[in-house]
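Trainee: Need the 3D shape of this:
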Amino acid sequence: MYLLLLAIIAVLLLLLAAGFIYQRIGSRLDRDRYTEGGRWVNIGPNSGLYIVEKGVGGPTVIFEAGISASHLNWRSIQDQVAESVHTASYDRLGLGWSSPARTARTPGNIALELRLLLEAAGLKPPFILVAHSFGGLVARRYALMYPEQVVGVVLIDPMRCEEWPPLDAGKQSQVDRGKRLIRYASPIAHCGLARLAVTSAFRRSGKLSNQLAGAAGSGAQHVLGRIKTEVGKMPREVWPIVAAHWSRPGFYSGMRMYLQSIPDTVMEMDAAEPIRDISITLLTPGESTPVNEAGLQRIGNRVQQIIASESAHWIHLDEPDLVIESIRSMIANSVAAETASVQ
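Mentor: From the prediction side, this is the model:
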């Protein structure tokens with residue numbers, strides 16, 4: 001019996017070691033295979049941001065993704081907008097191919113990092129900021145901190161502070177549940193099981209990912225279903241790269257930092273001043289309650305709200321043409337204003 005127990009322990013240790021090796025080798029191969037289209041820009045010690053630039057001409061359009069998303073979220077839209085102007089998408093610290101974050105993931109900190117990125121990368125204003133969800137708060141903060149650089153903002157269903165803790169204490173349980181799931185996911189990622197699961201979800205049958213989600217409970221199953229639905233709307237060629245991101249232990253530690261910072265984020269932006277004299281287009285999903293006039297005034301004094309009647313939260317995936325049209329309209333208005341000022 002004692003020998004059998006030792007044998008079982010030895011086999012488990014071997015499997016664990018094999019999982020660690022599998023994960024490390026896979027991570028290195030992913031980085032070599034999927035990062036040729038961009039570059040890393042250092043903004044400080046051990047702080048490298050991964051950026052993808054396309055197109056030429058101004059103004060430069062900067063894409064800011066949602067709370068757990070990367071530059072991949074913008075692949076199709078960036079390609080089309082880049083036909084006429086210079087564009088840049090990037091991975092925030094703690095996400096995608098960028099370095100781990102070392103400060104709280106609040107809009108103020110991230111806006112400062114974005115400014116350092118644009119300067120170090122040699123990108124010159126004027127900028128048009130295009131942002132989704134949590135990224136909308138970052139774009140608003142950037143426009144408030146550096147208004148002289150920004151000529152327009154397109155907000156795609158930006159995060160509404162009043163719907164999150166501490167302003168809505170009832171949502172704290174959702175944030176806590178997310179942090180618990182991530183706590184379990186991090187060690188799973190270190191031993192290679194996350195790589196197997198996401199590879200199953202996006203490259204194979206999905207049986208293993210469904211089994212793991214089922215073992216974690218109904219909450220994990222709901223999250224997995226929602227993720228697969230939204231990622232399924234992205235170009236198929238990015239699915240393996242999404243899987244590579246979600247295979248990394250750093251993704252889960254980064255996500256935990258973002259979730260931990262939600263209360264500070266909410267309080268920071270709830271107290272934020274409105275953006276003055278910068279054109280803002282707000283795209284609101286048809287399934288959501290439109291932002292009322294008072295809410296629009298809290299965002300800025302030049303806000304136009306457009307209802308995306310065919311969309312849920314991810315408008316840029318549900319109605320990409322509407323988002324592209326909004327960006328191109330903002331570009332045209334910016335160019336016309338610059339021409340008029342020169343004359």
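Trainee: Could I get the phi/psi values of residue 277?
Mentor: Dihedral pair for residue 277: phi 60, psi 30, per degrees, to the nearest 10.
Trainee: again, but for residue 48
Mentor: Torsion angles, degrees, to the nearest 10, at residue 48: phi -110, psi 130.
Trainee: pretty sure it is in contact with residue 40, am I right?
Mentor: Yes - with contact defined as CB atoms under 8 Å, residue 48 counts as touching residue 40 (4.2 Å). Backbone N, C-alpha and C define where each C-beta goes, glycine included.
Trainee: and for those two, which residues touch both?
Mentor: Residues touching both residue 48 and residue 40 (CB atoms under 8 Å, 6 or more residues apart in numbering) are residue 98.
Trainee: ok, those two, which is more surrounded?
Mentor: Between residue 48 and residue 40, residue 48 has the larger neighbour count (other CB atoms under 10 Å), namely 18 against 14.
Trainee: Per-residue pLDDT of that one, please?
Mentor: Per-residue pLDDT puts residue 48 at 98.
Trainee: Against residue 296, how distant is the residue most central in space within the chain?
Mentor: By CA atoms, centre = their mean, the mean C-alpha position of the chain lies nearest to residue 69, the distance being 2.7 Å. Distance, residue 69 to residue 296, by CB to CB, to the nearest Å: 25 Å.
Trainee: now do residue 75
Mentor: Per CB to CB, residue 75 is found 30 Å from residue 296.
Trainee: Who are the packing partners of the longest helix anywhere in the chain?
Mentor: For the chain, the helix with the greatest residue count under DSSP state H is helix 2-34. Applying 3 or more CB pairs under 8 Å, 6 or more residues apart in numbering; DSSP states H and E, we find helix 2-34 packed against helix 172-190, helix 193-203, helix 239-247.
Trainee: which stretches of the stretch 51-200 of the chain form strands?
Mentor: 60-64, 87-90, 127-132, 150-156 (DSSP state E, counting those that start in this stretch).
Trainee: What residues of the longest one count as buried?
Mentor: It refers to strand 150-156. Using 16 or more other CB atoms under 10 Å as the test for burial, strand 150-156 gives 150-156.
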